[in-house]
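>>> quick check, what structure comes out for this input:
(one chain, ligands or ions: 2)
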Amino acid sequence: MAVHDFSEELIQQGIELAQTKNSETYSPYSHFAVSAALYLNDRGLFVPGVNIENRSFGGTICAERAALASAISNFGSKDFGFLVLYTEHEPLTPPCGICRQVLAEFCGPEFPVIMVNHKGQRRDMLFSELFPLPFDEF
Ligand SMILES: O=c1ccn([C@H]2C[C@H](O)[C@@H](CO)O2)c(=O)[nH]1
Ligand SMILES: [Zn+2]
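Ligands and ions are numbered 1, 2, ... in the order given. This is a model prediction of the structure:
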């Protein structure tokens, strides 16, 4: 599904959820708060995610992967419609490389990633633009 398959009203709901969750990140080391809202097609709801850092920095979980893990753990859903990513930074924040690889496990080339910030800036990208050559041979 592409971004135009989803109503603007639904997308705004996701943006509002991601914005609300931005105060709930655990990011005392980087002070870079990232929050996400992942829409589940088969459940008709959004699952939030926030970045959760660790003093052993490699243990940090990004907002995108937190949302994905929550969707599968709490709802048994891997039917991901689109992802909203919210930060209070400029330029807009795209998913990191690890998250792109993890998302590639479940998301096809048409999966929309919607990046927004506190200034109301927004950029919609297809997953294939963010990650044109996924490792999927295994
Ligand atoms: O797309 C991104 C990029 C970074 N982070 C987090 C990881 C770390 O906690 C902080 C700084 O890299 O931002 C995310 O959650 N998602
Ligand atoms: Zn990441």
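>>> is the lengthiest strand in the chain positioned near ligand 2?
The residue-count maximum for a strand in the chain (DSSP state E) belongs to strand 80-87. No: figure legend: strand 80-87 not in contact with ligand 2 (CB under 5 Å from the ion); closest approach 9.7 Å. Just so you know, the C-beta spots here come from the backbone N, C-alpha and C atoms, and that holds for glycine as well.
>>> how far off strand 80-87 does the one helix or strand residue 100 maps to point, in degrees?
Using DSSP states H and E, residue 100 falls within helix 97-104. Orientation check (axes from the mean of the first three to the mean of the last three CA atoms, to 10 degrees): helix 97-104 against strand 80-87 gives 160 degrees.
>>> quick one: low-confidence ranges for this structure?
The chain contains no residues with pLDDT under 70.
>>> state the number of residues packed around the closest residue to residue 136 other than its chain neighbours.
Closest residue in space to residue 136, ignoring its immediate chain neighbours: residue 104 at 6.7 Å, by CB to CB, 6 or more residues apart in numbering. Other residues lying near residue 104 total 18 when counted by other CB atoms under 10 Å.
>>> who's in contact with residue 104?
Neighbour list for residue 104: 127, 131, 134-136 [criterion: CB atoms under 8 Å, 6 or more residues apart in numbering].
>>> could you identify the most distant pair in those?
127 and 135 (13.9 Å; CB to CB).
>>> so the two - more neighbours on which side?
A count of neighbours by other CB under 10 Å puts residue 127 above the other of residue 127 and residue 135, at 22 against 9.
>>> the residue lying closest to that one once chain neighbours are set aside: how many residues sit nearby?
Once flanking residues are discounted, residue 127 sits nearest to residue 111: 4.0 Å by CB to CB, 6+ apart. Neighbour count of residue 111, defined by other CB under 10 Å: 22.
>>> understood, closing this out.
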